[in-house]
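# Turn this into a model:
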Amino acid sequence: MLYLAAVVVSWLGLAVVGAIQPYVGFLPILLLPAVFITEFYFGRGAATLCIVLCTGGAILLMRGPGSVPEEVHNLSNWAVFPAVAASLLYVMESRRKQQRLGQERLIELSTLLESMPEAVFIFDPAGRLIEVNSAAAAFSGLRREDLLNFPAARLARHLAAQSDEGEPVDFAGLAVTRALRGEAVLNERRIFLPPPEHNRIEAVISGSPMRGPDGEIIGALVVIRDVTELTQLQQRVADTARHLAVGQMAAGIAHDFNNVLDTISQATGVLEIRSDQSPEERKLVLQMIYNAVRRGSEIILRLREYIRGGTGEQVPVDVRKLLEEALELTRPLWRNLRSINVVRELSPVAPVLANAADLRRVFTNLIINAIQAMPEGGTLTIHCEENSGTVAAWVRDTGRGIAPEEQKKIFLPYYTTKPTGTGLGLSGAQKIVLSQHGNISFTSEPGQGSTFRVELPSMAEVPAQVA
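Alright, predicted model coming up:
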């Protein structure tokens, strides 16, 4: 396109000279504006082509007929000179303005780069450094003058660039190499060990290709942001959150231990009040006490695993069996309450991969909450079923229900409507179910009761024995 434009401008110039030649003589000076205009708008290559075409065309015009008196020819040259000079001045002034604008842009770019706290490196298409800011010089431990013309591979070796896993980054994987191929690199984690101290620096690196007017890649911009302090701060926050979680766990254990002790207390009371029980009945109550003690031991074990950083072993478990165990653990809370009717709807279900102690804790808390929601009596329904690869269990009561303004908050830690509650039962249950790839939800109507539903994915293949 540029050379086609040069041809058009040359033809127009020759046409003008040829058209006025019969009247004023041959005036090749009129071809100079065509060369100036071509060079200004289309570049040096197009201007060179214009000179060649105008020279050839002028030779042909000189051979043509149409001589005029010498006096007329001299006057024409005198009259045309100001126009040509004005054209030259216009082109020169436009070029000066363009240069001033370019210098202003360079100053703005330099000011912008210097104002950036990140290390900025600009590479040419060959992968050599052509510009850096002060932050880049400080990051690399070299002067700006020494960094210029640094090849990308040499700079990577100088900075000891490594991946987030600590492996050296090869040349093809460098951000500048990929950017020069036209790829945008966004916030990739890197580790650097720049001289002279070779201190470990954790950073994120971004690279973008720089394109010219026609879309060709003319360089690459690479930005390195030091996130060492931010990473250390995140680790401290994580440690703080973990300590907070331990505190919450301790509060949750107090909540669960209250339930365990309450079960043992009421079972002991049954033994004292009904001293005439048969051996079978006494054995049943003692079994309840044993189950409660076992559950207390499991709670302590889970806390120890958490403090050690363990997540708890997940094995195939039978949700139906866990519901029955949770119901037995809470039997002293509802057995002597004749106004509470317990309905079991426990269908056989496929095993799920979960932690038995945690899941038992969830079901026990849901049953206790349901009992407490019916101080004047009602129906407690325990249900489990399997449908489309999902095992669903729910606990339903016919108590007072949950007010609409409270329904959005019930899973929040420490939120409770009970005078002696800790607000950790449901929030802990939600964390447990979510950690085992399940979901917990509820429906409630004031005055009609509530249903809490736990859904867990069933296992396609499990061992013969389940917990």
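
# can you list the weak-confidence ranges in the stretch 151-300 of the chain?
234-235, 237-256, 274-275, 299 (pLDDT under 70).

# On the three-state scheme, Gly207 is what?
Here Gly207 is recorded as strand under DSSP: H, G, I helix; E, B strand; the rest coil.

# quick one: it and Asn187 touch, right?
No - here Gly207 does not reach Asn187: they are 10.5 Å apart, not a contact under C-beta atoms under 8 Å. All C-beta atoms are positioned from the backbone trio N, CA, C, and that covers glycine.

# Can you give me the domain assignment for the chain?
2-111, 117-226, 234-457 (automatic domain parsing).

# now these as JSON lines including mean neighbour count?
Formatted as JSON lines, these follow (neighbours: other C-beta atoms under 10 Å):
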{"stretch": "domain 2-111", "mean neighbour count": "15"}
{"stretch": "domain 117-226", "mean neighbour count": "16"}
{"stretch": "domain 234-457", "mean neighbour count": "17"}
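
# for the stretch 201-350 of the chain, what spans make up the strands?
201-211, 217-226, 315-317, 340-346 (DSSP state E, counting those that start in this stretch).

# which helices and strands sit right next to the first one?
Here strand 201-211 touches helix 175-180, strand 185-192, strand 217-226, helix 228-273, going by 3 or more C-beta pairs under 8 Å, 6 or more residues apart in numbering; DSSP states H and E.

# neighbouring contacts of the first one?
Contacting residues not belonging to helix 175-180 are listed as 121, 123, 125, 127, 152, 171-172, 185, 188, 205-209, 217, 219-222 [C-beta atoms under 8 Å, 6 or more residues apart in numbering].

# what's Leu353 in contact with, if anything?
Gln314, Val315, Pro316, Val317, Gln436, His437, Pro457, Met459.

# quick revisit: now distance to Ser115 too, for the strands of the stretch 201-350 of the chain, in CSV please.
Putting the strands of the stretch 201-350 of the chain into CSV (distance: least, C-beta to C-beta, whole Å) gives the following:
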stretch, distance to Ser115
strand 201-211, 17
strand 217-226, 13
strand 315-317, 58
strand 340-346, 69
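
# Just to check, Gly389 is in contact with Leu456?
No - using C-beta under 8 Å as the test, Gly389 is too far from Leu456 to be in contact (10.3 Å).

# ok, then the element right after the helix or strand hosting Arg396?
Applying DSSP states H and E as the criterion places Arg396 in strand 390-397. Next in sequence after strand 390-397, counting helices and strands by DSSP H and E, comes helix 404-407.

# What ranges does the stretch 51-200 of the chain have for its helices?
Applying DSSP state H, counting those that start in this stretch to the stretch 51-200 of the chain gives helices spanning 70-115, 134-140, 144-147, 152-159, 175-180.

# Run through the helices of the stretch 351-467 of the chain in chain order.
Counting by DSSP H, counting those that start in this stretch, the helices of the stretch 351-467 of the chain are 356-372, 404-407, 425-435.

# Dump those to JSON lines, plus distance to Arg396 and mean pLDDT.
Formatted as JSON lines, the helices of the stretch 351-467 of the chain follow (distance: least, C-beta to C-beta, whole Å; pLDDT from 0 to 100):
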{"stretch": "helix 356-372", "distance to Arg396": "7", "mean pLDDT": "84"}
{"stretch": "helix 404-407", "distance to Arg396": "16", "mean pLDDT": "84"}
{"stretch": "helix 425-435", "distance to Arg396": "16", "mean pLDDT": "83"}
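
# JSON lines for these, including distance to Leu346?
Formatted as JSON lines, the helices of the stretch 351-467 of the chain follow (distance: least, C-beta to C-beta, whole Å):
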{"stretch": "helix 356-372", "distance to Leu346": "11"}
{"stretch": "helix 404-407", "distance to Leu346": "27"}
{"stretch": "helix 425-435", "distance to Leu346": "19"}
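
# Which one of these lies nearest to Leu49?
helix 425-435 (71.6 Å; C-beta to C-beta).

# That closest one versus helix 356-372: what angle between them?
Taking axes from the mean of the first three to the mean of the last three C-alpha atoms, to 10 degrees, one finds helix 425-435 and helix 356-372 inclined to each other by 140 degrees.

# what helices or strands is helix 425-435 leaning on?
By 3+ C-beta pairs under 8 Å, 6+ apart, helix 425-435 packs against helix 228-273, helix 356-372, strand 439-445.

# Now do it and strand 439-445, the angle between them.
Going by the same axes, to 10 degrees, helix 425-435 makes 140 degrees with strand 439-445.

# Using PDB, list the CA coordinates for helix 425-435.
What follows is helix 425-435, C-alpha atoms only, in PDB (Å, rounded to 0.1, in the frame of the first residue of the first chain):
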ATOM      1  CA  GLY A 425     -23.700 -26.400  66.100                       C
ATOM      2  CA  LEU A 426     -25.100 -25.600  62.600                       C
ATOM      3  CA  SER A 427     -22.000 -23.700  61.400                       C
ATOM      4  CA  GLY A 428     -19.800 -26.600  62.400                       C
ATOM      5  CA  ALA A 429     -22.300 -29.000  60.700                       C
ATOM      6  CA  GLN A 430     -22.200 -27.000  57.500                       C
ATOM      7  CA  LYS A 431     -18.300 -27.000  57.400                       C
ATOM      8  CA  ILE A 432     -18.200 -30.800  58.000                       C
ATOM      9  CA  VAL A 433     -20.800 -31.600  55.200                       C
ATOM     10  CA  LEU A 434     -19.100 -29.200  52.700                       C
ATOM     11  CA  SER A 435     -15.700 -30.700  53.500                       C
END
